[in-house]
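Colleague: next input, structure requested:
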Amino acid sequence: MNIFYHTFGFIPQLLLALPFVLALLFYLLAVWSTNRRYKSWPIYRTVCWAFGVVLATIAVAGPLANRAHVDFTAHMFGHLLLGMLAPLLMAMAAPMTLLLRTLSVPFARRLLKVLRSWPLIMFTHPIAASFLNIGGLWLLYTTSLYSLMHESVLLHLVVHFHVFLAGYLFTVSMIYIDPIPHRFPFLDRAILLAAAIAGHGILSKYIYAHPPNGVLLKEAEIGGMLMYYGGDAIDIVLIFILCLHWFRATRPRIGLAIGQ
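Modeller: Numbering: from 1, shown residues only. Alright, predicted model coming up:
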């Protein structure tokens, strides 16, 4: 283990895991509350949230997180969990819809005003979200940031929170599970999603040939392949959901045209 881990031990892991544990507790509490007043909240959404939280927690705390300090392959596996799979599962859980159902009408209206505020509109714009997500990864792996985050607690926390939040914003900007004030056309999102996937794939190949500072070539090759193929597997699910929504949105028009 490096000096960073010996000095601070489990503290960074605790700080990273605690928000996810609290998120799971609040979600379950919201499900219990809303089920008392409305029809039952879909079980599969609760399962998605629980699995997403568990995978994110595994990525930031425990054996995998410990190994990620000295093994780039373990780090990359954690990246896939924290930045791609967990955000996808948690987005499918529709947390904003659940929160709006749980809150009283006045508080729900205030929340909607916040969701319509320009900062949230800007960060959930597909272009901005793609830049934060893919651009952040290029910055992490092609500069000295990767090695520096293993020497600074603050940087370590910031990078991991960014990876998750950027991944979540990217996911909700591409597939609309929760209500979103400004919806962008399917074609625009499909083009941006394809560009983001290409950027992710190119970065994985770059890592394969040009290891980040402090990473052995063999580890970079394995990590790059894991990032490439693992990322593609998760992206397939994202593409499927986007295409499914697109099909459902256009199906009534097709039916009307046939009827005429």
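Colleague: which element follows the helix or strand where residue 170 lies toward the C-terminus?
Modeller: According to DSSP states H and E, residue 170 maps onto helix 153-174. For helix 153-174, the succeeding helix or strand toward the C-terminus, using DSSP H and E, is helix 186-209.
Colleague: tell me which residues in that next one are buried?
Modeller: 186, 189-190, 192-193, 196-197, 199-201, 203-204, 206-208 (16 or more other Cβ atoms under 10 Å). C-beta coordinates here come from the backbone N, C-alpha and C atoms, glycine included.
Colleague: remind me what it packs against, helices and strands.
Modeller: helix 126-130, helix 136-142, helix 153-174, helix 217-259 (3 or more Cβ pairs under 8 Å, 6 or more residues apart in numbering; DSSP states H and E).
Colleague: so residue 96 makes contact with residue 112?
Modeller: No - assessed by Cβ atoms under 8 Å, residue 96 is found out of contact with residue 112, at 9.6 Å.
Colleague: which residues do these two both contact?
Modeller: Counting by Cβ atoms under 8 Å, 6 or more residues apart in numbering, the shared contacts of residue 96 and residue 112 are residue 179.
Colleague: and residue 241, how far from residue 102?
Modeller: To residue 102, residue 241 is 25 Å away according to Cβ to Cβ, to the nearest Å.
Colleague: which one's more surrounded, those two?
Modeller: residue 102 (21 against 18; other Cβ atoms under 10 Å).
Colleague: grab the nearest non-local neighbour of that one.
Modeller: Excluding the flanking residues, the one nearest residue 102 by Cβ to Cβ, 6 or more residues apart in numbering is residue 30, at 4.4 Å.
Colleague: what about the one you found, helix or strand, and which?
Modeller: Using DSSP H and E, residue 30 sits in helix 11-37.
Colleague: list the buried residues of whichever helix or strand comes after that helix.
Modeller: Note on helix 11-37: by DSSP H and E, the next helix or strand toward the C-terminus is helix 43-60. Residues of helix 43-60 classed as buried: 45-46, 48-60 (neighbour count, 16+ other Cβ under 10 Å).
Colleague: what's the answer for stretch 226-240, then?
Modeller: If you call a residue buried by 16+ other Cβ under 10 Å, then stretch 226-240 has these buried ones: 226, 227, 228, 230, 231, 234, 235, 238, 239.
Colleague: closest to residue 118 out of these?
Modeller: Set against residue 118, the nearest of these by Cβ to Cβ is residue 238 (26.2 Å).
Colleague: my read: that closest one touches residue 171, true?
Modeller: Yes - here residue 238 reaches residue 171: they are 6.9 Å apart, a contact under Cβ under 8 Å.
Colleague: intersection of neighbour lists for these two?
Modeller: With Cβ under 8 Å, 6+ apart as the test, residue 238 and residue 171 both reach residue 88.
Colleague: burial measure for residue 181, as a count.
Modeller: So residue 181, with other Cβ under 10 Å, has 12 neighbours.
Colleague: offset the numbering so it begins at 822, please.
Modeller: With the count now opening at 822, the last piece we talked about shows up as residue 1002.
Colleague: pull the contacting residues for it.
Modeller: Contacts of residue 1002 (Cβ under 8 Å, 6+ apart): 936, 937, 942.
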